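Chemist: No sequence on hand, only this structure:
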């Protein structure tokens, strides 16, 4: 019995579909988009998930080879090919929908850009500024991988701080959510409150993560459902005190965090599949980037680097071409300005840009949660 032409053509998916699916999740979409902007080769190292898909592909090949002519006559190949076609169709539809959603959200983000600029604050005033020469050191060695992403970090939902100066709370909570290794939604409302223990209520804007993390060593952080984020900014009551009783019923805590001084320290920490939090000053290019933030594209020269401050979560890195003159790598970050910023809420900051715009304080790495 001869296969139908359509079914025979769909057999092609038995070979290419596993690869397509590997590139079809959010992580691969984001990495591919960044790679194209950087001119980086698509020849990537396989992740454990991709290796598993390769194993499945090899198993499928063996299965096809072992099937007898009688099995084929029963329509095995037609049925299997049709299943692969339907899976591929679903994958394509989902990814196209996701990309279109990011494009639409970018339009909304750009319209609301002013609110995010107003939400920045003098972050340096919240930090213990240290005179550490190593803070300005460039990477001293090659990264182990062409690219590396903390497990599940790019698969999680992106949050939106809107008009409130709560970026550090969002960056800290995102790191904890990633360490929890699930798509759990924790309360930024509570973390911001915990970050300002001596300022309830108060009119001083913004915070840093240290006090919040110290609080979470003994007190649990609630979920978003237990303590919802309120997007409206109350200038005279930044912590929106008092919080409802449900905000104090959290269970998840952190066991430890550590300071990361150099970019080498940051790379090594990320390669242990743990996220880090960083403090940066801002530039026009950072606001309007399309996935890559480069020093060569900055148009704003800061008289005081600490005038505008922001906190972000570091979740990975990518090697970049030497021809860009932007350093050895760019650092993949997750932001809290909706999926309209960068690529679906993420961007890659080049080494040169980060050294120029890093506020003089260590990165904070989350070791574990309990």
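Modeler: Received it, and whenever you're ready, just let me know what you need. In this text the structure is predicted, and so the values were computed from the model without any measurement. Numbers count the residues shown, from 1 in each chain.
Chemist: what ranges do the strands span in the stretch 101-250 of the chain?
Modeler: 147-149 (DSSP state E, counting those that start in this stretch).
Chemist: quick one: low-confidence ranges for it?
Modeler: 124-132 (pLDDT under 70).
Chemist: excluding its backbone neighbours, what's nearest the residue most central in space within the chain?
Modeler: By Cα atoms, centre = their mean, the chain has its centre lying nearest to residue 334, at 3.4 Å. Residue nearest to residue 334 in three dimensions, not counting chain neighbours: residue 313, with 4.5 Å by Cβ to Cβ, 6 or more residues apart in numbering. No exception for glycine: its C-beta is placed from N, CA and C like everyone else's.
Chemist: Just confirm the one you found contacts residue 171, I think it does.
Modeler: Yes. The pair residue 313 and residue 171 passes the contact test of Cβ atoms under 8 Å, sitting 4.7 Å apart.
Chemist: who touches both of those two?
Modeler: 277-278 (Cβ atoms under 8 Å, 6 or more residues apart in numbering).
Chemist: Comparing the two, which residue is more hemmed in?
Modeler: residue 171 (30 against 27; other Cβ atoms under 10 Å).
Chemist: Find the helix or strand that residue 272 is a member of.
Modeler: According to DSSP states H and E, residue 272 maps onto no helix or strand at all.
Chemist: Can you report how many residues lie near it?
Modeler: 9.
Chemist: Tell me the spacing between it and residue 238.
Modeler: 34 Å (Cβ to Cβ, to the nearest Å).
Chemist: can you tell me how far the residue nearest to residue 334 sits from residue 247?
Modeler: 22 Å.
Chemist: likewise residue 280?
Modeler: The gap separating residue 280 from residue 247 is 29 Å, by Cβ to Cβ.
Chemist: who's more crowded, these two?
Modeler: A direct count of neighbours by other Cβ under 10 Å for residue 280 and residue 247 places residue 280 higher, at 23 against 18.
Chemist: helices or strands next to the helix or strand residue 311 falls within in the packing?
Modeler: Residue 311 is part of strand 309-319 when elements are defined by DSSP H and E. Using 3 or more Cβ pairs under 8 Å, 6 or more residues apart in numbering; DSSP states H and E, the elements in contact with strand 309-319 are helix 26-38, strand 147-149, helix 167-179, helix 263-270, strand 276-281, strand 329-334, strand 346-350.
Chemist: Return the set of buried residues in that strand.
Modeler: Buried residues in strand 309-319, counted by 16 or more other Cβ atoms under 10 Å: 309-319.
Chemist: One more: stretch 238-253?
Modeler: 238-240, 243, 247, 250, 252-253.
Chemist: Save those as CSV, and put in distance to residue 218 too.
Modeler: Shown next, in CSV, are those (distance: Cβ to Cβ, whole Å):
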residue, distance to residue 218
238, 23
239, 19
240, 22
243, 17
247, 16
250, 11
252, 12
253, 7
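Chemist: Cool, thanks, talk later.
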